[in-house]
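*Asks:* pasting the structure only:
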C-alpha cells in the first residue's frame, strides 16, 4: 500500500502575534519553517509522495518555495493542494487530492504539522514501518511536569498519575479510506485532530514515543527557541 506524507500548512498562526504571514512561512536559518519540515520527510524510506496542504491564499507561494529549495521535486515527489476550513477538513482535502494522484482510494497517510520542523527521521520511519500493522498511530511524548485537572479553571479537581499522562504530538498516521468513512459519519467537526475522530468511534490508537525536540512553533517564544536549537545544532536531541 502507498504511503503519503501530508504536511498540514493551512493555518494562519493567530497566536504568533502581529505578523504579516502565517507562522509556517517565518524563517529559521534563512529558510521557511515548513521547508525544514518537508526536508525531514524527503529522505525517509518508503514514502511515495509528499503533499503539502496549504491555505489557498499561500498556495502559489508554497509552490515557488518548493521550487527554490527542492529543484525538480515539485509535481514529481512533492505536491501542493489547498487546505480546508479546519484541520480535519484539510486532511480530507489532501485525501481527495491524493486519490486523484494515486488513482486509488486506499492508502496510508502520515500527517504532520508544518510547524514541527525538528521531528526525527527515526520517528517518521517508525510510522512508515508500523502503519500497515496498526491501523492508527499517534506520536506522544512523556510529561516532565505534574498534570493538574480543573473542572472550573479556578481550583484543582484532581491530579492524575503523571506516568499515565502523555502529550500528543505529530506525526499521526492512518488509512485514508477509514478516515474518510468516519469523517462522513459525523455532523460537524469538533475534533482537534484525526486521532480525536478515531477515538470518538472507539478505534484503537497505537502509540509511538517521539522526542522532546519535536516542538510546535506556535508563539514568539517557540520561534526564538527553534532558532536557538538550530544555532547550537541540537535538532534531533
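*Replies:* Cool, got the structure. Bear in mind that the values here come from a model prediction, so they are computed numbers and not experimental data. Residues are numbered from 1 along each chain as shown.
*Asks:* If we ignore the residues flanking it in sequence, what's nearest residue 86?
*Replies:* Take residue 86 and drop its neighbours on the chain: the residue closest to it by CB to CB, 6 or more residues apart in numbering is residue 189, 6.0 Å away. (Each C-beta comes from the backbone N, C-alpha and C, glycine too.)
*Asks:* ok, now which ones touch the one you found?
*Replies:* Residue 189 sits next to 86, 88, 89, 183, 197 when contact means CB atoms under 8 Å, 6 or more residues apart in numbering.
*Asks:* Show me which residues of stretch 74-86 are buried.
*Replies:* 74, 77, 78, 79, 80, 81, 82, 83, 84 (16 or more other CB atoms under 10 Å).
*Asks:* hmm, back to that, what are the phi and psi values for the residue nearest to residue 86?
*Replies:* Phi and psi for residue 189, reported as degrees, to the nearest 10, are phi -140, psi 100.
*Asks:* Dead centre of this protein: give me the residue that sits there.
*Replies:* To find the centre residue of the chain, average its C-alpha atoms and take the closest one (CA atoms, centre = their mean): that gives residue 112, at 1.8 Å.
*Asks:* So which elements touch the helix or strand that residue falls within?
*Replies:* Applying DSSP states H and E as the criterion places residue 112 in strand 108-113. Strand 108-113 is packed against strand 3-9, helix 33-42, helix 87-102, helix 121-130, strand 166-175, helix 176-183, with contacts defined by 3 or more CB pairs under 8 Å, 6 or more residues apart in numbering; DSSP states H and E.
*Asks:* Ok, which of these comes nearest residue 152?
*Replies:* Ranking the helices and strands packed on strand 108-113 by distance to residue 152, with CB to CB as the measure, places strand 166-175 first at 23.1 Å.
*Asks:* contacts for the closest one?
*Replies:* Counting by CB under 8 Å, 6+ apart, residues outside strand 166-175 touching it are 106-113, 116, 119, 123-124, 127, 130-131, 135-143, 193-195, 198, 207, 210, 214, 216.
*Asks:* Okay, buried residues for that strand please.
*Replies:* Buried positions in strand 166-175, judged by neighbour count with 16+ other CB under 10 Å: 166, 168, 169, 170, 171, 172, 173, 174, 175.
*Asks:* Name every strand pairing with it and say which way it goes.
*Replies:* Neighbouring strands of strand 166-175 in its sheet, by DSSP bridges, are strand 108-113 (antiparallel), strand 136-142 (antiparallel).
*Asks:* Tabulate those (JSON lines), appending mean pLDDT and distance to residue 69.
*Replies:* Converted to JSON lines, those look like this (pLDDT from 0 to 100; distance: least, CB to CB, whole Å):
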{"stretch": "strand 108-113", "mean pLDDT": "98", "distance to residue 69": "17"}
{"stretch": "strand 136-142", "mean pLDDT": "97", "distance to residue 69": "25"}
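*Asks:* which one of the ones you listed has the most crowded surroundings?
*Replies:* strand 108-113 (a mean of 25; mean count of other CB atoms under 10 Å).
*Asks:* what's the angle between it and helix 121-130?
*Replies:* For strand 108-113 against helix 121-130, the angle between stretch directions is 150 degrees (axes from the mean of the first three to the mean of the last three CA atoms, to 10 degrees).
*Asks:* what angle separates strand 108-113 from strand 3-9?
*Replies:* Using the same axes, to 10 degrees, the interaxial angle of strand 108-113 with respect to strand 3-9 works out to 20 degrees.
*Asks:* by how many degrees do strand 108-113 and helix 87-102 diverge?
*Replies:* Note on geometry: by the same axes, to 10 degrees, strand 108-113 and helix 87-102 are set 140 degrees apart in direction.
*Asks:* Thank you kindly, that will do.
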